[in-house]
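*Asks:* fold the following for me, if possible:
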Amino acid sequence: MKIDEGVITVGASNANSNDEYHTFVFVANPDEPDAEGTYFEIDDQVHGGYRNVKSVNFYKNGAKIILMESLAQEYEHNEISVVINNTNDFILLKNGIAKLCNNNYQINEINENL
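*Replies:* Prediction:
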């Protein structure tokens, strides 16, 4: 999580993996909520915009981001799953996403591993 002049940016990538590279980011200023909502981007600004996330499910070891239908069709995926093995990184991600929610998407806690 990064905070710069009140704007919070939180995201993750699989840069340390040998898999195909992916990244996602949430951006908002919770003190001055944008009328559009929280900005969300997957892989590139081409797949970015406001109100792109329907819900975020937090598991014991990661998160599943459920995309709104418009982005899901464009990106050709309905959801994004991220498993994070580092507890501190997971707590930062979870707290950042929850802080930026601002009623723009639903957050669910699921008491099992992803």
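*Asks:* what helices or strands is the longest helix along the chain leaning on?
*Replies:* Counting by DSSP state H, the longest helix found in the chain is helix 87-101. Contact analysis of helix 87-101 by 3 or more Cβ pairs under 8 Å, 6 or more residues apart in numbering; DSSP states H and E lists strand 7-13, strand 23-28, strand 53-58, strand 62-67, strand 106-109 as its packing neighbours. In short, each C-beta sits where N, CA and C put it, glycine included.
*Asks:* which residues are contacting the longest one?
*Replies:* For strand 7-13, the surrounding residues in contact (Cβ atoms under 8 Å, 6 or more residues apart in numbering) are 1-3, 21-30, 82, 84, 89, 92-93, 96-97, 99-100.
*Asks:* ChimeraX command for the buried members of those?
*Replies:* Filtering those down to the buried ones (16 or more other Cβ atoms under 10 Å) takes a single ChimeraX command:
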select :1,24,25,26,27,28,29,82,84,92,93,96,97,99,100
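*Asks:* lowest confidence element among the helices and strands of this protein?
*Replies:* Here the helix or strand of the chain ranked lowest by mean pLDDT, DSSP states H and E is strand 2-4, holding a mean of 81.
*Asks:* if we can go back for a sec, quick one, which of the helices and strands packed on helix 87-101 is nearest to Asp44?
*Replies:* strand 23-28 (8.6 Å; Cβ to Cβ).
*Asks:* where does pLDDT dip in this protein?
*Replies:* The chain contains residues with pLDDT under 70 at 33-35.
*Asks:* how about 50 then?
*Replies:* By pLDDT under 50, the chain has no low-scoring segment.
*Asks:* all set, thanks.
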